[in-house]
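With the sequence up front, the predicted model follows.
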Number of protein chains: 2
Amino acid sequence: MQINGQHFHTIWAESPNSDSIKIIDQNQLPFHFRLKTLKTFGDAFSAIRDMEVRGAPLIGVTAAYGLFLALCGPDETELTEARLKTFCDEMKTARPTAINLAWAVDEMYKTLKGISNIETAKSMAFQKAEALKQQEIEASSNIGDHGLKLIEALSAKKNGDMVNILTHCNAGWLACIDWGTATAPIYKAHHRGIKIHVWVDETRPRNQGSKLTAFELKQEGVPHTVNPDNTGGHLMQHGMVDLVLVGSDRTTRTGDVCNKIGTYLKALAAYDNNIPFYVALPSSSFDLSLNNGLSEIPIEERNADEVRYIEGKEGKVQLVPDGSPVANYGFDVTPARLVSGLITEKGICQANESAINELFEK
Amino acid sequence: MQINGQHFHTIWAESPNSDSIKIIDQNQLPFHFRLKTLKTFGDAFSAIRDMEVRGAPLIGVTAAYGLFLALCGPDETELTEARLKTFCDEMKTARPTAINLAWAVDEMYKTLKGISNIETAKSMAFQKAEALKQQEIEASSNIGDHGLKLIEALSAKKNGDMVNILTHCNAGWLACIDWGTATAPIYKAHHRGIKIHVWVDETRPRNQGSKLTAFELKQEGVPHTVNPDNTGGHLMQHGMVDLVLVGSDRTTRTGDVCNKIGTYLKALAAYDNNIPFYVALPSSSFDLSLNNGLSEIPIEERNADEVRYIEGKEGKVQLVPDGSPVANYGFDVTPARLVSGLITEKGICQANESAINELFEK
């Protein structure tokens, strides 16, 4: 999508097989637009851990490039099974919740397993990372096409009046490679000239809503309003929301949706006010091994300083009094019963085991 | 309650009938403890409007002192009905949502109506303001005694294990004169040696939770943890909350509760997880003229800059990108069906018309 009128992806190789992978440093947005170069496995690992890249699909693709970069190290003369396994196992620890990380690493592992020649391995790793990237772009675009139909239907129901969509966190193109997940239908609808407006939850503590979603919507010219996370219930009670659209970091085979902390509260409010609550996600965000999202998905606890301090345009300030303890859970789980449907690249399905199975059989 | 080991009220007169009313400037907390002197009607009005004092009961008492100060002006030689009405009407416009403001102003009006001698009026106004203050202290203390029984019962049910209470915004003694509303049962339980821990919603956009509730709990030595507003649902899903306890800015005769924006989301989560959700409020926070909280209570929209910028220890920083619009609704309404009970100075009652009527007949 666009930044200052120029088309960008969130990650790209400077040239084929080059050990120079570029990312947009998302910790600097929206006040500074800065690119960063990843040259080593460690660079990719810390870009994920420190959230210079974030969002389930982008984390996966960055991990894939990171495994390519691992093979570019000066000491890598031969790829052994043990060495490959070490890299893969370590990369999976960069963030615990998004399943795409493990998924992408496993895809890389399957591609590289049994190859010992380092040049062959490097070349295949690069190609696979590029392919995973391409796959995510297509998944996002297809999610956009499927979700567009929902927005078109809401617009028709309102006789072309503004469709108001509430989103939480950033499931935008900055969380993916292009288009986004939750934002893909929004961009497609906007490009088609449908009147839409997006309520952007600021998404404490890291404010990915106000800092990233608002930034990217503004760059694409989509009408939007930033609001504190506390606001969504009030908006829904007063008919100001037609659709809630969020992403997911991991969704079980039963349709339980793990996403940014606070998503569950919006799902409850949508349910209480008869407002459709949809989750947009690529297949790579499903964890079909899990039955129960609440008991089985590990919830990342992040550093208390993310709540204690906040980074704004002018720098960092302290919000919590000295000596008051802080909790910082990164995600929560929305039970399938509160989810109206899942928008995937394969189509829209209900959030239950048989519908999800049917989708994966397509 | 205590600040640095010394007992404070949130508002007090320096001496009887003195036109020097002291407040704690709550916009400076928790990083600076500064007192401020109100000398005129305008001082009191702007202290309320600019939230140097906030919280429904404290707003009411400040308005009462403000009407006393109005009579202390050098040009006030006689109190006329028209003049009294002008002061009262204007004072009511300082904040729109908390009913205590109108209630306290009406109490002052009733006291002063028909008195023309300015010295008599001043003296009666001062006495009435002091009486309203005393009444709020007693109401808070009684709320504490009634709510304490709930906490004692939860503690017994858990065999003396920690009782975890989640609160939203600041319905603490800083919102009242002493004790608080939602915090009164907490302080009473803590003083009684019951093991309690408070989850403090930071309460964006003004962060009254992290800035005021955490501050006052810490000053009283009550164990607590600050968390982003998004966190409560996750905590409740995982058995980490035994009771939700909040205040109210206005409650209808049918039990609909208007409180800080985001309260409704916590009520939904409590209901979904079978956790008791109680509202602590003095009688002065009821608006018995209203039937339907959602359609009848005016919701204050505050300045967008409260969301766009945040004030921390080191100063103010910008959070939202330039040019992105912002919404800032101050309150929401929790329908009575989600409220387990109302804790008032008269006792605990269910959130419905007949129970509330019965309470007021006591």
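Here it is on my side, so go on.

which residues of the stretch 201-350 of chain A fall in strands?
A:224-227, A:243-246, A:250-252, A:257-260, A:277-280, A:286-287, A:309-312, A:315-318, A:331-334, A:341-344, A:347-349 (DSSP state E, counting those that start in this stretch).

give me the element A:I143 is part of.
A:I143 is part of helix A:118-157, with elements assigned from DSSP states H and E.

ok, now which ones touch the residue positioned nearest the centre of chain A?
Geometric centre of chain A, nearest residue: A:G55, 2.8 Å, by CA atoms, centre = their mean. Counting by CB atoms under 8 Å, 6 or more residues apart in numbering or on different chains, A:G55 makes contact with A:T10, A:N170, A:A171, A:G172, A:L174, A:A175, A:C176, A:G247. Glycine gets a C-beta too; all of them are placed from N, C-alpha and C.

between the residues you listed, which is nearest A:L281?
Comparing the contacts of A:G55 against A:L281 with CB to CB places A:G247 closest, at 6.1 Å.

residues contacting that closest one?
A:55-56, A:169, A:171, A:175, A:180-182, A:259-260, A:279-281, A:285.

Repeat that for A:K195.
Contacts of A:K195 by CB under 8 Å, 6+ apart are A:S155, A:G160, A:D161, A:M162, A:V163.

cool, A:F8 as well?
Contacts of A:F8 by CB under 8 Å, 6+ apart are A:M1, A:Q2, A:I24.

So what would you say the end-to-end distance of stretch A:45-62 is?
With CA to CA, to the nearest Å as the measure, stretch A:45-62 spans 8 Å from end to end.

Stretch A:319-338 too?
Span of stretch A:319-338 from end to end, CA to CA: 33 Å.

I'd like the mean pLDDT over that stretch, please.
The average pLDDT within stretch A:319-338 is 97.

Buried ones in that stretch, by neighbour count?
A:319-321, A:324-336, A:338 (16 or more other CB atoms under 10 Å in any protein chain shown).

Off-centre distance for it?
Remark: stretch A:319-338 is offset 19 Å from the chain centroid, using CA atoms, centre = their mean, to the nearest Å.

ok so, going back, possible to save the strands of the stretch 201-350 of chain A as TSV with distance to chain B?
Below are these laid out as TSV (distance: least, CB to the nearest CB, whole Å):
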stretch	distance to chain B
strand A:224-227	4
strand A:243-246	12
strand A:250-252	15
strand A:257-260	7
strand A:277-280	13
strand A:286-287	18
strand A:309-312	3
strand A:315-318	3
strand A:331-334	4
strand A:341-344	20
strand A:347-349	24
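
right, and those strands - which one's nearest B:K122?
strand A:315-318 (43.8 Å).

Can you spell out which helices and strands pack onto the closest one?
Strand A:315-318 makes packing contacts with strand A:309-312, strand B:309-312, strand B:315-318 when contacts are defined by 3 or more CB pairs under 8 Å, 6 or more residues apart in numbering or on different chains; DSSP states H and E.

now these in a markdown table, with mean neighbour count?
A markdown table is the format used below for the helices and strands packed on strand A:315-318 (neighbours: other CB atoms under 10 Å in any protein chain shown):
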| stretch | mean neighbour count |
| --- | --- |
| strand A:309-312 | 19 |
| strand B:309-312 | 19 |
| strand B:315-318 | 14 |
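
on that earlier part again, tabulate the contacts of A:F8 in CSV, adding columns for pLDDT.
Below are the contacts of A:F8 laid out as CSV (pLDDT from 0 to 100):
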residue, pLDDT
A:M1, 94
A:Q2, 94
A:I24, 98
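
For stretch A:260-279, buried residues please.
A:260-273, A:275-279.

Can you say which helix or strand has the residue in the stretch 1-150 of chain A positioned nearest to chain B in it?
Using CB to the nearest CB, the single residue of the stretch 1-150 of chain A nearest to chain B is A:P30, 4.0 Å away. For A:P30, there is no helix or strand it lies in under DSSP H and E.

For burial, what's the neighbour tally of it?
The number of residues packed near A:P30 is 23, by other CB atoms under 10 Å in any protein chain shown.

all strands for the stretch 51-200 of chain A, in order.
Counting by DSSP E, counting those that start in this stretch, the strands of the stretch 51-200 of chain A are A:163-167, A:196-201.

for those strands, which one sits closest to chain B?
strand A:196-201 (7.5 Å).

what's downstream of that closest one, the next helix or strand?
helix A:208.

Give me every residue in the stretch 251-362 of chain A lying close to chain B.
A:260-262, A:264-266, A:268-269, A:272, A:294, A:299, A:307-321, A:323-329, A:331-333 (CB under 8 Å from any CB of the partner chain).

What residues of stretch A:239-249 count as buried?
A:M240, A:V241, A:D242, A:L243, A:V244, A:L245, A:V246, A:G247, A:S248, A:D249.

OK, contacts around the fourth one?
By CB under 8 Å, 6+ apart, the contact list for A:L243 reads A:L150, A:I151, A:L154, A:V163, A:N164, A:I165, A:L166, A:I275, A:P276, A:Y278.

For B:E152, see how far away the first one is.
In this structure, A:L150 lies at 50 Å from B:E152, with CB to CB, to the nearest Å as the measure.

Also the fifth one?
Summarising the geometry, the distance separating A:N164 from B:E152, computed by CB to CB, is 46 Å.

More neighbours: which of the two?
A:N164 (22 against 16).

Which strand residues bridge the closest residue to A:C169 other than its chain neighbours?
The shortest distance from A:C169 to any non-neighbouring residue, by CB to CB, 6 or more residues apart in numbering or on different chains, is to A:K260 (3.6 Å). Beta-bridge pairing for A:K260 (DSSP bridges): A:F331.

Likewise for A:G347?
Beta-bridge partners of A:G347, as defined by DSSP bridges: A:T344.

What residues does it make contact with?
A:H146, A:L359, A:K362 are the contacts of A:G347 under CB under 8 Å, 6+ apart.

so what's the backbone phi/psi at the residue of chain A most remote from its centre?
When each C-alpha in chain A is compared with the mean C-alpha position (CA atoms, centre = their mean), A:T77 comes out farthest, at 34.8 Å. Dihedral angles of A:T77 (phi, psi; degrees, to the nearest 10) stand at phi -110, psi -20.

any idea of the pLDDT on it?
At A:T77, pLDDT is 94.

Is it in contact with A:I118, as I believe?
Yes. Between A:T77 and A:I118 there is a contact under CB atoms under 8 Å: 5.9 Å.

Identify the bridge partners of the residue lying closest to A:L243 once chain neighbours are set aside.
Sequence neighbours aside, A:I165 is the residue nearest to A:L243 in space, at 4.8 Å (criterion: CB to CB, 6+ apart). A:I165 forms beta bridges with A:V198, A:L243, as assigned by DSSP bridges.

A:I165 reaches A:V246, doesn't it?
No. Using CB under 8 Å, A:I165 and A:V246 do not qualify as a contacting pair, with a distance of 10.2 Å.
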